[in-house]
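In: heads up, no residue letters with this:
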C-alpha cells in the first residue's frame, strides 16, 4: 500500500499504482468527503449543481410531463400551485 506525504499547501500526489486502478487524469474533478474518519476522493463530472439536482429528481420520479401542449403544462402548474397552497394553510 503506497504512502503519500501532505505537502505544505495540503497537496498530495496520487501514486501511479493507485491512478492505474482508477482512471484519473490531469484536470479531472474529484469530490472530497470524510467517511468514517477517512478522506475519500471520488471522480466527478463537471455538471452544474442545479442540473445534477434536476437529474436526481428525475431519477426519483419527481418530475412532470411530458406535455402534448402548453395548455396541459399550464394546467399542471396550476394544479401543483393549489396543492402547495393547501399544504401551507394546514401547516
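Out: Received it, and whenever you're ready, just let me know what you need. Predicted model, so just to flag it, every value in this text is computed and none were measured.
In: Now the helix or strand containing residue 20: buried residues?
Out: In this structure, residue 20 is located in helix 16-21 according to DSSP states H and E. Neighbour counts over helix 16-21 (16 or more other C-beta atoms under 10 Å) mark no residue as buried. Heads up, the C-betas are built off the backbone N, CA and C, glycines and all.
In: which element follows that helix toward the C-terminus?
Out: strand 29-35.
In: Remind me what that next one packs against, helices and strands.
Out: Helices and strands in packing contact with strand 29-35 are listed as strand 38-44; criterion 3 or more C-beta pairs under 8 Å, 6 or more residues apart in numbering; DSSP states H and E.
In: What is the strand it packs on packed up against?
Out: If contacts are counted by 3+ C-beta pairs under 8 Å, 6+ apart, strand 38-44 sits against strand 29-35.
In: Not counting the worst-scoring helix or strand of the chain on mean pLDDT itself, show me its contacts.
Out: Considering only helices and strands, the least confidently modelled element of the chain by mean pLDDT, DSSP states H and E is helix 49-59, at a mean of 84. By C-beta atoms under 8 Å, 6 or more residues apart in numbering, the residues outside helix 49-59 that reach it are 47, 63.
In: Return the distance of that helix from the chain's centre.
Out: Helix 49-59 sits 7 Å away from the centroid of its parent chain (C-alpha atoms, centre = their mean, to the nearest Å).
In: downstream neighbour of that helix in the secondary structure list?
Out: Past helix 49-59, further along toward the C-terminus, the next helix or strand under DSSP H and E is helix 70-90.
In: Domain ranges for the chain, per the record?
Out: Under automatic domain parsing, the residue ranges defining each domain of the chain are 1-46, 49-90.
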